[in-house]
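S.K.: okay, structure incoming, though there's no sequence with it:
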């Protein structure tokens, strides 16, 4: 089974338990529909605006066995507060650039 490390928005962590992220991973739904079920091996924040720890945390999760790095939907879609992260593109590009080519990257989860 593949392992995913999920990076979430620090601003929404007190409003969101992450349960929807865990459910879609366990069921292989939504962003994971073409991958199938995955094990969540890490669930961390971006480190606060402007995603100042996202790259380091993505690398850490890969070093600990993640095959996939996913940005939680709170970052890309703004769930649950309705405000997508204005730093999403910069974070995504920096993370993708830092990862080995065999690591799969997802822009969202649910």
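M.R.: Perfect, thanks for sending it. Remember, it's a predicted structure, so these values are computed and weren't measured experimentally. Numbering: from 1, shown residues only.

S.K.: what segments of the protein are helices?
M.R.: 19-27, 54-63, 73-76, 88-98 (DSSP state H).

S.K.: lowest-confidence helix or strand of the chain?
M.R.: helix 73-76 (a mean of 93; mean pLDDT, DSSP states H and E).

S.K.: list the buried residues in that one.
M.R.: 73, 74, 75, 76 (16 or more other CB atoms under 10 Å). No exception for glycine: its C-beta is placed from N, CA and C like everyone else's.

S.K.: tell me what residue 42 is bridged to.
M.R.: residue 5 (DSSP bridges).

S.K.: for the remainder of this discussion, apply numbering that starts at 50.
M.R.: Right, with 50 as the first residue, what we last looked at is residue 91.

S.K.: related to what we said a few turns ago, nearest to residue 92 among the buried residues of helix 122-125?
M.R.: residue 123 (11.8 Å; CB to CB).

S.K.: how about the contacts made by the closest one?
M.R.: Residue 123 sits next to 57, 58, 61, 65, 129, 130, 134 when contact means CB atoms under 8 Å, 6 or more residues apart in numbering.

S.K.: also residue 74?
M.R.: Counting by CB under 8 Å, 6+ apart, residue 74 has contacts 53, 55, 81, 86, 87, 88, 89, 158.
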